[in-house]
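# Take a look and give me a structure for this.
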Amino acid sequence: MRNIQMMEGNVVAPEGMRVAIAASRFNEVITGKLLDGAVDGLVRHGAAEDHITAVWVPGAFELPVIAMKLAQSGRFDAVICVGAVIRGQTSHYDYVCNEASKGIAQVALTTGIPALFGVVTAENIEQAIARAGCKVGNKGFDCALSAIEMVNLLRQIG
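Predicted structure coming up:
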């Protein structure tokens, strides 16, 4: 291997790390589990519970505007967005998924604050339930670990 400097984050929450979690109320049966998973992931990896703030929004389409406000507030080191969009019989699914993902990505790029995409996009309710902790892990928990890693990495870079 070449003699290069390597940087990577770890998944131990740095002291004082503050995280906001924006959660979509639509499909709350799923998003509640994603929110719980995110909080569990943060706390298990060293984040202080009183440094976690949860904010409910009506649906996944509304996540980007709240994520932007949270990131711009200067109060948080990362913003985790959780939601569930389940395909129906119209093109509404495509619009919501596309705008939520683009909007959340734009938050991170605009503010420099990690904005994690924990929106489950599923063909049916069974797939959504599986991704909310029943069969294939919990997307909220996964985003919590990514948030911790990104905060650590950004702190290393300075």
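
# now A13, what's its secondary structure?
Secondary structure state of A13, per DSSP: H, G, I helix; E, B strand; the rest coil, is coil.

# That one - how many residues pack around it?
Neighbour count of A13, defined by other Cβ atoms under 10 Å: 25. Quick note: C-beta positions are derived from backbone N, CA and C, even for glycine.

# Surely it touches G46?
Yes - counting by Cβ atoms under 8 Å, A13 does reach G46; the two are 3.8 Å apart.

# and for those two, which residues touch both?
Jointly contacting A13 and G46 under the rule Cβ atoms under 8 Å, 6 or more residues apart in numbering are I148.

# and the lowest-mean-pLDDT helix or strand in the chain, which residues are buried?
Using mean pLDDT, DSSP states H and E, the weakest-scoring helix or strand in the chain turns out to be helix 125-131, at a mean of 89. For helix 125-131, the neighbour count (16 or more other Cβ atoms under 10 Å) marks Q127, A128, I129, A130, R131 as buried.

# Pipe those into TSV and attach distance to V151 per row.
Shown next, in TSV, are the buried residues of helix 125-131 (distance: Cβ to Cβ, whole Å):
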residue	distance to V151
Q127	30
A128	28
I129	30
A130	28
R131	24
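
# and which of these is nearest L42?
Among the buried residues of helix 125-131, R131 lies closest to L42 (Cβ to Cβ), at 18.6 Å.

# Could you find the closest non-adjacent residue to the closest one?
V120 (4.6 Å; Cβ to Cβ, 6 or more residues apart in numbering).
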